[in-house]
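In: Sequence and predicted structure below; questions after.
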Amino acid sequence: MRILLITVGLLLLVLGTIWFLQGINILPGSFMTGQTIWAIIGGVCFAAGLASLVLSKRYRRKANLK
C-alpha cells in the first residue's frame, strides 16, 4: 500500500507541475498552454500528490507500530 501511495503521489506531482506550468503559459506546446483551467487542475493534482506522499509516511509509521 505504501509503494502505491508513493507512486501515485509522485505521478500527481509531476503531472500537476506540468499542467500548472502549461496553464500559466510558461511551458508551451499543447492545447493546455495559456488555459487557466489547466493551471487550477495542475495545482489540485500537485496538492493531491503531496497529500499522498504525506499519507504514505503516516502509513509507514502505523505499520511499524504494530
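Out: Good, I have the coordinates. Since this is a predicted model, take the numbers as computed values, not measurements.
In: Could you give the number of residues near residue 12?
Out: 21 (other Cβ atoms under 10 Å). Glycine gets a C-beta too; all of them are placed from N, C-alpha and C.
In: residues contacting it?
Out: By Cβ atoms under 8 Å, 6 or more residues apart in numbering, the contact set of residue 12 is 45, 46, 48, 49, 52.
In: That one: which element?
Out: Secondary-structure assignment from DSSP states H and E places residue 12 in helix 2-23.
In: same question, residue 46
Out: Assigned by DSSP H and E, residue 46 falls within helix 36-65.
In: So for that helix, what gets flagged as buried?
Out: Residues of helix 36-65 classed as buried by neighbour count (16 or more other Cβ atoms under 10 Å): 38-39, 41-43, 45-46, 48-49, 52-53, 55-56.
In: now those in CSV, with distance to residue 18 and pLDDT?
Out: Formatted as CSV, the buried residues of helix 36-65 follow (distance: Cβ to Cβ, whole Å; pLDDT from 0 to 100):
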residue, distance to residue 18, pLDDT
38, 9, 95
39, 11, 96
41, 11, 97
42, 7, 97
43, 12, 97
45, 9, 98
46, 10, 98
48, 14, 98
49, 12, 98
52, 17, 96
53, 17, 95
55, 22, 92
56, 22, 91
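In: Tell me the one of those residues nearest residue 11?
Out: Nearest to residue 11 among these: residue 49, at 7.3 Å, using Cβ to Cβ.
In: Please list all residues in contact with the nearest residue to residue 23 once chain neighbours are set aside.
Out: Residue nearest to residue 23 in three dimensions, not counting chain neighbours: residue 39, with 2.8 Å by Cβ to Cβ, 6 or more residues apart in numbering. Applying Cβ under 8 Å, 6+ apart, we find residue 39 in contact with 19, 20, 22, 23, 24.
In: among those, who's most crowded?
Out: Greatest neighbour count in these, by other Cβ under 10 Å, goes to residue 19: 24 neighbours.
In: Was I right to think that one contacts residue 37?
Out: No. Residue 19 is not in contact with residue 37 according to Cβ atoms under 8 Å; the separation is 9.6 Å.
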